[in-house]
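A.B. asks: The sequence isn't on hand, but the structure is:
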């Protein structure tokens, strides 16, 4: 998923300051007073020319600043406006104005005609924005089905397959990638699945403000962004503070299921989950678990396996 752009760009070098001096060059032979620049005191034409040049420089600077401001304002409006009327909001929880480290970077990608059609037709029925303004009634939203939360579903192929294979379980699928949201809606509709709801926005706000205590029957986090650079490890989703948010909204016995093909991240997941007092490893040896039959082999996972990556599954029960 990869719920997150963000880093400041170093400032460039200052522009050279224009001067009125004549650039140095090879000395000319036979120079006379007539070759020197005209003096304002003796040449009114030169004085008028200089008077015209100074305001022009100021005007150019002001115009450039105005253009930059207009560009920033257009970009701000673009971020705030929904790409599809009645569809997912560009910044559903913008009123929060939170300054915290996120595990994802929202990105705008090309939306196909089919994805757009699915968003426009199905979002009003199966989509919701994570705005932090209400607590969801999952029983009403899913017609009384047990509900698992999936954070980060990519293009939605695995989610759609799990929904079709287990129509008795509702899946609340969260992501910020608009093409993936449209794709999942279209796949679920094509399969005749009515047990999928697509949530747009920050999963942390959903967990913290929009879910009732002990309302979820499970959590799935498959192949989250590993943020491999050491300085970015703080952006990884599976952290103690994240599990502190997750534990209260899970029912006792609910399963947290994580999967990753990034070995160092798998090790961190195992360490963090094992250390948390509200979770217990279901693997008898206290390590990784075999891939459950209900988790499909995704295209992304297949690509990783072709490259020799090892995929680790972790299944922990909420105690």
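C.D. replies: The structure has been received and is ready for your questions. These numbers come from a predicted model, not from an experiment.
A.B. asks: in terms of contact, does residue 233 touch residue 227 like I think?
C.D. replies: Yes: between residue 233 and residue 227 a contact is recorded at 6.1 Å, counting by CB atoms under 8 Å. C-beta: built from backbone N, CA, C; applies to glycine.
A.B. asks: higher neighbour count, those two?
C.D. replies: residue 227 (17 against 14; other CB atoms under 10 Å).
A.B. asks: Which pLDDT value does the model give the more buried one?
C.D. replies: pLDDT, the model's per-residue confidence, is 91 for residue 227.
A.B. asks: What distance do you get for it to residue 316?
C.D. replies: 21 Å (CB to CB, to the nearest Å).
A.B. asks: Same question for residue 134.
C.D. replies: Separation of residue 134 from residue 316 (CB to CB): 29 Å.
A.B. asks: Tell me which of these two has more neighbours.
C.D. replies: Neighbours per residue, other CB under 10 Å: of residue 134 and residue 316, the larger number sits with residue 316, 24 against 9.
A.B. asks: any chance you could map the strands in the chain?
C.D. replies: With DSSP state E as the criterion, the chain has strands at 127-129, 147-151, 170-175, 196-200, 216-222, 250-260, 279-281, 312-318.
A.B. asks: possible to save those strands as a markdown table with mean pLDDT?
C.D. replies: Listed next are the strands of the chain as a markdown table, based on pLDDT from 0 to 100:
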| stretch | mean pLDDT |
| --- | --- |
| strand 127-129 | 97 |
| strand 147-151 | 98 |
| strand 170-175 | 98 |
| strand 196-200 | 98 |
| strand 216-222 | 98 |
| strand 250-260 | 98 |
| strand 279-281 | 98 |
| strand 312-318 | 98 |
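A.B. asks: now the ones you listed as TSV including distance to residue 120?
C.D. replies: Converted to TSV, the strands of the chain look like this (distance: least, CB to CB, whole Å):
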stretch	distance to residue 120
strand 127-129	11
strand 147-151	23
strand 170-175	18
strand 196-200	14
strand 216-222	28
strand 250-260	32
strand 279-281	40
strand 312-318	36
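A.B. asks: and of the ones you listed, who's closest to residue 270?
C.D. replies: Taking CB to CB, strand 312-318 is the member of those nearest to residue 270, at 6.1 Å.
A.B. asks: who does the closest one touch, helix- and strand-wise?
C.D. replies: When contacts are defined as 3 or more CB pairs under 8 Å, 6 or more residues apart in numbering; DSSP states H and E, strand 312-318 packs onto strand 250-260, helix 263-275, strand 279-281.
A.B. asks: contacting residues around residue 165?
C.D. replies: residue 294 (CB atoms under 8 Å, 6 or more residues apart in numbering).
A.B. asks: Kindly report the same for residue 111.
C.D. replies: By CB under 8 Å, 6+ apart, residue 111 lies in contact with 83, 119, 178, 179, 182.
A.B. asks: cool, and residue 281?
C.D. replies: 273, 274, 287, 314, 315, 316.
A.B. asks: Would you check that the fourth one makes contact with residue 258?
C.D. replies: Yes: shown here, residue 314 and residue 258 form a contact pair, counting by CB under 8 Å, at 4.6 Å.
A.B. asks: Quickly list what's touching both of these two.
C.D. replies: Common neighbours of residue 314 and residue 258 (criterion: CB under 8 Å, 6+ apart): 269, 273.
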